[in-house]
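*Asks:* Sequence first, predicted coordinates after that:
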Number of protein chains: 2
Amino acid sequence: MARWEPDAAGRLREAAMALYAERGYERTTVAEIADRAGVTARTFFRHFADKREVLFAGSEELERRMVEAVLAAPESAGPMDAVAAGVLASGEFFVDRREHSRRRQAVITATPELREREFIKMASLAAAFTEALRKRGVAPEIASLAAETGVAVFRVAFERWVADPQDADITEIMRATLADLSSLTA
Amino acid sequence: MARWEPDAAGRLREAAMALYAERGYERTTVAEIADRAGVTARTFFRHFADKREVLFAGSEELERRMVEAVLAAPESAGPMDAVAAGVLASGEFFVDRREHSRRRQAVITATPELREREFIKMASLAAAFTEALRKRGVAPEIASLAAETGVAVFRVAFERWVADPQDADITEIMRATLADLSSLTA
DNA sequence: TCGGTGATGTCAGTCAGTGACATCACCCAG
DNA sequence: CTGGGTGATGTCACTGACTGACATCACCGA
């Protein structure tokens, strides 16, 4: 028998989600999360940089996949097309995770501190998109603008998806949002 | 003679900017800022919600002006045109503040916590744009997309302005950025 | 079987942020 | 004038996030 139950990080993630949803982020202490996960608060901070980060584990993986899709877009694709490919590639990350995404998003939306953290993740995504576009030979100013716009589309589409009364396919919603952008700036 | 020097908030803002620039945000304590301003830490928190907010005083005023410009755009203007008017209206807020803006931005860029706070201010701006557009009769989904895109333009243009080697007019840079967006999504 | 390794616990400490209450210059009504 | 009200500040005690240093101990490979 192991000295410790395995996957402390996973237990901490689940405990945090449950407590944040139950009684709110601010009224939850790290000590309580750690207790529920069967570890000490010190261990919490060994797995997550701070009380917010526990809700954002996995975001690097999502970003990595999206950037790969930008880089993998056909050479003929323009900057906005490449970014669109990156946005659409996020779809598979969310399959069968709609309920989880919805609950997580509800917690984040209700908490300014968590919204701040989410925004910086989006900024990181934008920076990664920018770099990927520059690797494709796009001029710097155009690259950052396309990246920012792409992230805006991703956010709006994600929002639409979790709010959608029917369980629409996320990829379809993203396509529709990209189409909206085109007509908007036509 | 007054019991206290007037404008404690102003002194706190200046002290914070100076200390953050000198030794960095993280290595500055609120007590040190308060000391330099000649007050106690408790008074700091009476003027600013937290250690970050001291750098963002005045952002409500900027947002208010930008939203007014969106609402004041001609009735014939489309959603994106109205948002563009809002973005351009920010220009006058920054006249003769380029050096200050540059120093402030350097501090913010160097500090993740401050970048988070800046992002939520941008999000607040986007939400305000969205509401203004809806008041103009724009459909909700279109409104938020136009708002997000407009904020992206504002951020990129502001970045270009503070980085510009020549002291270009901020309004001109914003016009150019809007033009770039048009060609990008053409 | 023994020493190294990695994940954890323990403890003491710093600092952000808050609530409750005291203080005191200033101003206005009487 | 003059006493009470007001608003900005100070003081103090407290909670909770986060960190550094060091101890512990199951496991694993030489």
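*Replies:* Here it is on my side, so go on. Numbering: from 1, shown residues only, chains lettered A, B, ... in the order given.
*Asks:* Could you pull up phi and psi at the spatially most central residue of chain A?
*Replies:* Centre of chain A computed as the mean C-alpha position; nearest residue by C-alpha atoms, centre = their mean is A:Ser59, 5.1 Å away. Main-chain torsions, A:Ser59, degrees, to the nearest 10: phi -70, psi -30.
*Asks:* quick one: what helix or strand has the closest residue to it other than its chain neighbours in it?
*Replies:* Setting aside the residues directly before and after it, A:Ser59 is nearest to A:Lys121 in space (C-beta to C-beta, 6 or more residues apart in numbering or on different chains), at 5.1 Å. In short, each C-beta sits where N, CA and C put it, glycine included. Secondary structure assigned from DSSP states H and E places A:Lys121 in helix A:112-135.
*Asks:* Check which residues of that helix are buried.
*Replies:* A:114-123, A:125-126, A:128-134 (16 or more other C-beta atoms under 10 Å in any protein chain shown).
*Asks:* is chain B contacted by the next helix or strand after that helix?
*Replies:* For helix A:112-135, the following helix or strand on the C-terminal side (DSSP H and E) is helix A:140-163. Yes - using C-beta under 8 Å from any C-beta of the partner chain, helix A:140-163 reaches chain B at A:141-142, A:144-146, A:148-149, A:151-153, A:155-156, A:159-160.
*Asks:* Throw those residues into a markdown table and include pLDDT, thanks.
*Replies:* Shown next, in a markdown table, are the residues of helix A:140-163 next to chain B (pLDDT from 0 to 100):
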| residue | pLDDT |
| --- | --- |
| A:Glu141 | 84 |
| A:Ile142 | 91 |
| A:Ser144 | 89 |
| A:Leu145 | 87 |
| A:Ala146 | 94 |
| A:Glu148 | 88 |
| A:Thr149 | 89 |
| A:Val151 | 94 |
| A:Ala152 | 88 |
| A:Val153 | 94 |
| A:Arg155 | 93 |
| A:Val156 | 89 |
| A:Glu159 | 93 |
| A:Arg160 | 93 |
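*Asks:* ok, so of those, who is nearest B:Ile173?
*Replies:* Among those, A:Glu141 lies closest to B:Ile173 (C-beta to C-beta), at 10.3 Å.
*Asks:* So that closest one is in contact with B:Leu181, correct?
*Replies:* No - look at A:Glu141 against B:Leu181 with C-beta atoms under 8 Å: they stay out of range, at 11.0 Å.
*Asks:* Tell me which of these two has more neighbours.
*Replies:* Legend: neighbour count by other C-beta atoms under 10 Å in any protein chain shown for A:Glu141 and B:Leu181, higher for B:Leu181 (23 against 16).
*Asks:* give me every residue that touches that one.
*Replies:* A:145, A:149, A:185, B:149, B:153 (C-beta atoms under 8 Å, 6 or more residues apart in numbering or on different chains).
*Asks:* Hmm, A:Val87 and the second one touching each other?
*Replies:* No - distance between A:Thr149 and A:Val87: 10.1 Å, which falls outside the contact criterion (C-beta under 8 Å).
*Asks:* about what we covered before: next one: the residue nearest to the centre of chain A, what pLDDT does it get?
*Replies:* Here the pLDDT value assigned to A:Ser59 is 95.
*Asks:* circling back: run through the buried residues of helix A:112-135 and flag the ones next to DNA strand C.
*Replies:* On the criterion C-beta under 7 Å from any atom of the strand, none of the entries of those sits beside DNA strand C.
*Asks:* Contacts only, for A:Glu61.
*Replies:* A:Glu61 neighbours (C-beta under 8 Å, 6+ apart): A:Phe93.
*Asks:* oh sorry, the question was meant for A:Gly86
*Replies:* A:Gly86 touches A:66-67, A:69-70, A:73, A:129, A:132, A:150, counting by C-beta under 8 Å, 6+ apart.
*Asks:* So which of those is the closest to B:Asp167?
*Replies:* Using C-beta to C-beta, the shortest approach to B:Asp167 within these belongs to A:Phe129, at 29.8 Å.
*Asks:* Please see if stretch A:97-116 touches DNA strand D.
*Replies:* No - residues of stretch A:97-116 are not located near DNA strand D by C-beta under 7 Å from any atom of the strand, the shortest gap being 8.9 Å.
*Asks:* For that stretch, give me every contacting residue.
*Replies:* With contact meaning C-beta under 8 Å, 6+ apart, stretch A:97-116 is reached by A:17, A:20-21, A:24-26, A:52, A:55, A:94, A:118, A:161-162, A:167, A:170, B:116-117, B:119-120, B:123.
*Asks:* got the buried residues for that stretch?
*Replies:* Going by neighbour count (16+ other C-beta under 10 Å), the buried part of stretch A:97-116 is A:104-105, A:107-108, A:111, A:114-116.
*Asks:* Determine the number of other residues adjacent to the nearest residue to A:Ala72 once chain neighbours are set aside.
*Replies:* Excluding the flanking residues, the one nearest A:Ala72 by C-beta to C-beta, 6+ apart is A:Ala85, at 7.3 Å. Using other C-beta under 10 Å, A:Ala85 has 19 neighbouring residues.
*Asks:* Verify the stated contact: A:Ala85 with A:Ala69.
*Replies:* Yes - contact criterion C-beta under 8 Å: A:Ala85 and A:Ala69 qualify, at 4.9 Å.
*Asks:* what does stretch A:42-52 contact?
*Replies:* Counting by C-beta under 8 Å, 6+ apart, A:8-9, A:12, A:25, A:30, A:33-34, A:37, A:54, A:57, A:113-114, A:116-117 sit against stretch A:42-52.
*Asks:* That stretch close to DNA strand C?
*Replies:* Yes - Stretch A:42-52 reaches DNA strand C (C-beta under 7 Å from any atom of the strand) through A:42-43, A:46-47.
*Asks:* restrict those to those near DNA strand D?
*Replies:* Answer for these near DNA strand D (C-beta under 7 Å from any atom of the strand): A:Arg42.
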